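Engineer: just a sequence and a predicted model for now, questions to come.
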Amino acid sequence: MTDARDLTGESSFVGVDNFMRMFTDDPDLLNATVNTGIYAFFRIVVQTVLAFGIAVLLNKKMALGNVYRAIFFAPIVISPVAIVFTWSFMFDPTSGTINTTLRDLGLGSLAQDWLGDFDLALYSVILVDIWSSIGFSIVIFMAGLSTIPAEVTEAARVDGANAWHTLRHITIPLMRPTTALVLVLAVNGALRAFDTVYLMTKGGPGGATELYMTRVFDEGFAYNHFGYASSMAVVVIVALVGVAYLQNRFDSQVGKGR
């Protein structure tokens with residue numbers, strides 16, 4: 001609630017002016033919020049659905065099952081900086097792996113400036129983030145699947161339920177607490193997303209990949225608007241507390257239902 005602009009400690013009280021500016025007079029923040037909403041949709045909805053589907057497949061007995069698990073989990077233990085530099089090289093419009101492969105296959109018309117195109121940059125960054133984080137969600141889902149009693153699914157098969165019916169009426173309902181946990185972590189990750197975007201594009205081109213937290217960073221450390229940046233961070237904290245509260249309510253209701 002101050003207009004602090006440097007590290008000297010000098011500031012004056014401005015009340016709720018920072019919050020009023022956030023909600024009524026900051027088009028750059030509005031753009032970052034819209035981008036964060038798009039990012040959150042893919043990180044929360046798309047990634048969760050993909051992670052659940054992959055976990056169900058990996059949970060089945062298959063040849064080289066442990067190898068597949070390791071492949072999906074590997075990005076979790078790789079340094080984010082290494083991931084960013086690797087993907088940045090792959091996305092390079094002239095010598096990058098993706099465009100080079102497309103040209104070698106005779107699909108040169110599909111080659112793009114993946115991180116320089118205003119319409120593609122955000123989705124390119126989202127792809128990298130999903131690839132690097134989906135393994136953790138898969139592991140959580142697999143842990144949840146391992147708690148489902150085999151007798152329940154066997155009884156369903158004896159009663160004539162096919163794989164789809166078993167998944168829909170047994171697996172998914174019993175996985176609700178695990179799914180809620182994955183969703184909370186996904187929301188948390190979406191609201192705090194920063195490193196991949198900042199290292200790959202710094203919010204460019206033209207603000208196309210600017211997210212809420214990169215905006216907070218720029219306001220605080222690029223423009224020295226510490227008071228305003230702190231106000232923006234407070235909003236994120238409140239949102240995360242709200243999400244955690246809803247998740248606890250959901251868990252309580254599931255527990256009572258059981």
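Structural biologist: Yep, it's here. Source: prediction; values computed, not measured. Numbering: from 1, shown residues only.
Engineer: kindly export stretch 35-54 (C-alpha atoms) in PDB.
Structural biologist: Presented in PDB, the C-alpha positions along stretch 35-54 are these (Å, rounded to 0.1, in the frame of the first residue of the first chain):
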ATOM      1  CA  ASN A  35      -2.100 -14.800 -21.500                       C
ATOM      2  CA  THR A  36      -2.000 -16.400 -18.100                       C
ATOM      3  CA  GLY A  37      -5.600 -17.500 -18.500                       C
ATOM      4  CA  ILE A  38      -4.700 -19.300 -21.800                       C
ATOM      5  CA  TYR A  39      -1.600 -20.700 -20.200                       C
ATOM      6  CA  ALA A  40      -3.600 -21.900 -17.200                       C
ATOM      7  CA  PHE A  41      -6.200 -23.700 -19.500                       C
ATOM      8  CA  PHE A  42      -3.500 -25.800 -21.100                       C
ATOM      9  CA  ARG A  43      -1.500 -26.300 -17.800                       C
ATOM     10  CA  ILE A  44      -4.600 -27.300 -15.800                       C
ATOM     11  CA  VAL A  45      -7.100 -28.900 -18.200                       C
ATOM     12  CA  VAL A  46      -5.100 -30.200 -21.100                       C
ATOM     13  CA  GLN A  47      -2.100 -31.400 -19.000                       C
ATOM     14  CA  THR A  48      -4.300 -33.000 -16.400                       C
ATOM     15  CA  VAL A  49      -6.300 -35.000 -19.000                       C
ATOM     16  CA  LEU A  50      -3.100 -36.000 -20.800                       C
ATOM     17  CA  ALA A  51      -1.400 -37.000 -17.500                       C
ATOM     18  CA  PHE A  52      -4.300 -39.100 -16.400                       C
ATOM     19  CA  GLY A  53      -4.600 -40.900 -19.700                       C
ATOM     20  CA  ILE A  54      -0.900 -41.700 -19.800                       C
END
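Engineer: list the buried ones in it?
Structural biologist: Of the residues in stretch 35-54, 35, 36, 39, 40, 42, 43, 44, 47, 48, 51, 52, 54 count as buried by neighbour count, 16 or more other C-beta atoms under 10 Å. All C-beta atoms are positioned from the backbone trio N, CA, C, and that covers glycine.
Engineer: low-confidence ranges, the protein, go.
Structural biologist: 251, 253-258 (pLDDT under 70).
Engineer: just to revisit the earlier point, which of the buried residues of stretch 35-54 lies closest to residue 62?
Structural biologist: residue 54 (12.2 Å; C-beta to C-beta).
Engineer: tell me if that closest one really is in a helix.
Structural biologist: Yes: counting by DSSP: H, G, I helix; E, B strand; the rest coil, residue 54 is found in a helix.
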